[in-house]
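Undergrad: Please work out how this folds:
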Amino acid sequence: MNHDDIILNIRMKKSISTMKNYFFAVKGMDCTARVNKAIIAITGAKRMFWPGGSMDRKTIVFFLTFILGATLAAAADDWFRDAVFYEVFVRSFSDSNGDGVGDLNGLTARLDYLNDGDPATGTDLGVTALWLMPISPSPSYHGYDVTDYYGVNEDYGTMEDFKRLAAEAHKRGMRVIIDLVLNHSSNQHPWFLGASDDKSPKRNWYVWKKSQPTGWSQPWSSGSSSDYVWHALRAGEYYYGLFYNGMPDLNYFNAAVQEEMIAVAKHWLDAGADGFRLDAIRYLFESGPGKGQADTPETHAYLARFYQALKQHKPDCYLVGEIWSDADTVAPYLAVPRELDAAFNFDLAGAIVGGVKDRNSGYINATQEVTLETYPKDAADATFLTNHDQNRVLNELAGKVERAKMAATVLLTIPGTPFLYYGEEIGMPGTKPDENIRKPMLWSDGENAGFSSARPWNAPARVRPGIHVKAQAADPGSLLSHYRRLIHLRADHIALRRGDYKELPLGHKNIYAFLRRHARQTLLVVHNFSSETVPDLKLPAESKLKLIRDITGDSASEAIPPLAAWETRIFEVAPVVLP
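TA: Just a heads-up that it's a prediction; the model follows:
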């Protein structure tokens, strides 16, 4: 190798290091920002390592190839920041074979309702990702007590049906994540049935005591006691099951359990899943009663290893956790070393629904500010209104559709990856018990609500006329049409998907206004949280902002017009305010 080749080799190695730094820097940026960063990276490399000269053609091709690959990889890895998720209880969504139970093929047949794959149309809902509640074999209707982590519940179909669903979703640009219940199995799982023999090799896959311990309880319930979590198998044999006796907790102090559950997750990623909603993730390791039952150091350490293992297996997989607690408890799961990509923001969900119900946006802004101050700076949020464990939105809002529209509008205009619960978009009702908030989807006013040709596994909700997809799809003023417009609007504006958040008080108690600021665009969002028109709203003089366009009305606008009752307007403003 001659002197010039040696010098070139040194420069190339240094340049590769520069490009690697570029790769890590662009995660979280949109494509335009990545291109700008790429230009800076190439220019910087040239100045540092080719001073006074120019790069030859091969070197330029090398850089461009590396940049393109890194840009695409970085874009793929954080796809969830642009997504809108739709939570589906497969049993209740659509029945394809006439047995009264929803199934995977029924969901596949309904994909065009959710996303038809054509961004130019506005007749689909526009969601870009699915979260499937548990689909593995289980003795219960809900599936959160699994008997085979590697299989598909026969009520829902086969593994081939799941792979077909994932493939069809991917064709439409949609991702699919599934519920993964790591904390516990069913007491009918072969592992537990084997573990009931104290000489079984599976014995240590669960947590056992020879006498019932005292001082234990379910962390979320002040009225529970040790007999709620330690269950007698037979005299002198008690096993730990945090939720109930049908869900024995797995023993994560056993390395074999740790490795098995990583293998389970990889199995589903290989089958076409794009990630997981991790159920009850706070409770994996228990070191003692009380504080030792949740959020233990061992749980954090294992989740960091679990996360790393899955990211190495499939770098763009998405892990979102159920941590039903406050921001201080959630934040460590999102810190470095990263354990999750996001966690559901239960406090914010309650603030949105409560704020709209009470016409008090202060709840929402205060909770949003706590989230932003407490979470790591680059953390993603997972936002929602209600889910499969809570009363449905319309019931929480006393059946008032205009308030349901406002709750949806807030959800889809604040930061975070929004999750919708199936039927929320048409105002499906439902209050506890759980079976009543997981009823069949209302597709029409026909027999069995268009869900099945047979008697459904659970009777469809009794509703007033018009609460079904067929009626609302044709009504531009419906709740469904409102959701469609919002989701498509969000898809069209980078600031709504990735912009930061800054409250902008406009001097009226019923007005909730804030900026969504991105390097390419700044938007002003103005919500009227009242049943009266609010006139004469003005931008604060010190903001130095100028309205350019009303994107909700797609028209030029130089002033905020009067806001009708429960109305929202979104304006593009200048100058672009960098976060």
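
Undergrad: Compute the number of surrounding residues for residue 98.
TA: Neighbour count of residue 98, defined by other C-beta atoms under 10 Å: 9. Placement of C-beta: from N, CA and C, glycine included.

Undergrad: what are the phi and psi angles of it?
TA: In terms of degrees, to the nearest 10, the main-chain angles of residue 98 are phi 70, psi 30.

Undergrad: Please list all residues in contact with it.
TA: 452, 453, 454 (C-beta atoms under 8 Å, 6 or more residues apart in numbering).

Undergrad: Can you check the pLDDT for the closest residue to the second one other than its chain neighbours?
TA: Which is residue 453. Excluding the flanking residues, the one nearest residue 453 by C-beta to C-beta, 6 or more residues apart in numbering is residue 98, at 4.5 Å. Predicted confidence (pLDDT) for residue 98: 97.

Undergrad: Ok, the one 5 residues further on next?
TA: pLDDT for residue 103: 98.

Undergrad: what does residue 499 give?
TA: pLDDT, residue 499: 96.

Undergrad: Correct me if wrong: it contacts residue 521.
TA: Yes: look at residue 499 against residue 521 with C-beta atoms under 8 Å: they come within range, at 7.2 Å.

Undergrad: Identify the residue nearest the geometric centre of the protein.
TA: For the chain, the residue nearest the mean C-alpha position is residue 382 (4.7 Å; C-alpha atoms, centre = their mean).

Undergrad: can you count the residues close to the closest residue to it other than its chain neighbours?
TA: Nearest residue to residue 382 in three dimensions, chain neighbours excluded: residue 342, at 4.2 Å (C-beta to C-beta, 6+ apart). Neighbours of residue 342 under the rule other C-beta under 10 Å: 23.

Undergrad: returning to what we had before: which of residue 499 and residue 521 has more residues huddled nearby?
TA: Shown here are residue 499 and residue 521; by other C-beta under 10 Å, residue 499 has more neighbours (23 against 18).

Undergrad: residue contacts, that one?
TA: So residue 499 contacts 415, 515, 516, 517, 518, 521, 522, 523, 579 (C-beta under 8 Å, 6+ apart).

Undergrad: again, only this time at 6 Å
TA: 516, 517, 518 (C-beta atoms under 6 Å, 6 or more residues apart in numbering).

Undergrad: Tell me how far the residue nearest to residue 453 lies from residue 560.
TA: Noted for residue 98: a distance of 54 Å to residue 560, by C-beta to C-beta, to the nearest Å.

Undergrad: Please tell me how far residue 466 sits from residue 475.
TA: Taking C-beta to C-beta, one finds residue 466 at 8 Å from residue 475.

Undergrad: who's more crowded, those two?
TA: More crowded of residue 466 and residue 475, by other C-beta under 10 Å: residue 466, with 15 against 11.

Undergrad: Could you tell me how far that one is located from residue 474?
TA: Residue 466 is 10 Å from residue 474, by C-beta to C-beta.

Undergrad: does the residue nearest to residue 382 really touch residue 318, like I thought?
TA: No: Residue 342 is not in contact with residue 318 according to C-beta atoms under 6 Å; the separation is 7.8 Å.

Undergrad: Where does pLDDT dip in the protein?
TA: Counting by pLDDT under 70, the chain contains low-confidence ranges at 1-76, 577-579.

Undergrad: Domain map for it?
TA: For the chain, the structural domains run 3-77, 86-183+253-492, 190-240, 494-574, going by automatic domain parsing.

Undergrad: Dump the ones you listed to TSV, plus distance to residue 246.
TA: Formatted as TSV, the domains of the chain follow (distance: least, C-beta to C-beta, whole Å):
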stretch	distance to residue 246
domain 3-77	38
domain 86-183+253-492	5
domain 190-240	9
domain 494-574	41
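
Undergrad: Ranking the ones you listed by mean neighbour count, which comes first?
TA: domain 86-183+253-492 (a mean of 19; mean count of other C-beta atoms under 10 Å).

Undergrad: end-to-end on that domain?
TA: Domain 86-183+253-492 has an end-to-end distance of 19 Å (C-alpha to C-alpha, to the nearest Å).

Undergrad: what's the spacing between the residue lying closest to residue 401 once chain neighbours are set aside and residue 426?
TA: Distance criterion C-beta to C-beta, 6+ apart; nearest residue to residue 401, sequence neighbours excluded, is residue 479 at 5.8 Å. Residue 479 sits 6 Å away from residue 426, going by C-beta to C-beta.

Undergrad: now swap in residue 324 and tell me
TA: 26 Å.

Undergrad: re the thing from before, list the contacts for the residue nearest to residue 382?
TA: Counted by C-beta under 6 Å, 6+ apart, residue 342 has contacts 320, 380, 382.

Undergrad: what secondary structure does residue 502 sit in?
TA: Using DSSP: H, G, I helix; E, B strand; the rest coil, the secondary structure recorded for residue 502 is strand.

Undergrad: That one contacts residue 515, correct?
TA: Yes: with contact defined as C-beta under 6 Å, residue 502 counts as touching residue 515 (4.6 Å).

Undergrad: I'd like the distance from stretch 246-263 to the chain centre, please.
TA: Computed by C-alpha atoms, centre = their mean, to the nearest Å, the chain-centroid distance of stretch 246-263 equals 25 Å.

Undergrad: typo on my end, stretch 425-432
TA: In terms of C-alpha atoms, centre = their mean, the centre of stretch 425-432 is set 20 Å apart from its chain centre.

Undergrad: Could you do stretch 525-544 as well?
TA: Relative to the centre of its chain, stretch 525-544 is centred 31 Å away, using C-alpha atoms, centre = their mean.

Undergrad: now stretch 534-553
TA: From the chain centre to the centre of stretch 534-553 is a distance of 32 Å (C-alpha atoms, centre = their mean).

Undergrad: Name the residues contacting each of residue 502 and residue 515.
TA: Joint contacts of residue 502 and residue 515 (C-beta under 6 Å, 6+ apart) do not exist.

Undergrad: Might one say that residue 562 is in contact with residue 532?
TA: No: using C-beta under 6 Å, residue 562 makes no contact with residue 532, being 10.3 Å away.

Undergrad: I'd like the contacts of residue 342 as a markdown table, with distance to residue 409 appended.
TA: Output for the contacts of residue 342, formatted as a markdown table (distance: C-beta to C-beta, whole Å):
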| residue | distance to residue 409 |
| --- | --- |
| 320 | 23 |
| 380 | 21 |
| 382 | 18 |
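
Undergrad: Among the residues you listed, which one sits closest to residue 300?
TA: residue 320 (16.5 Å; C-beta to C-beta).
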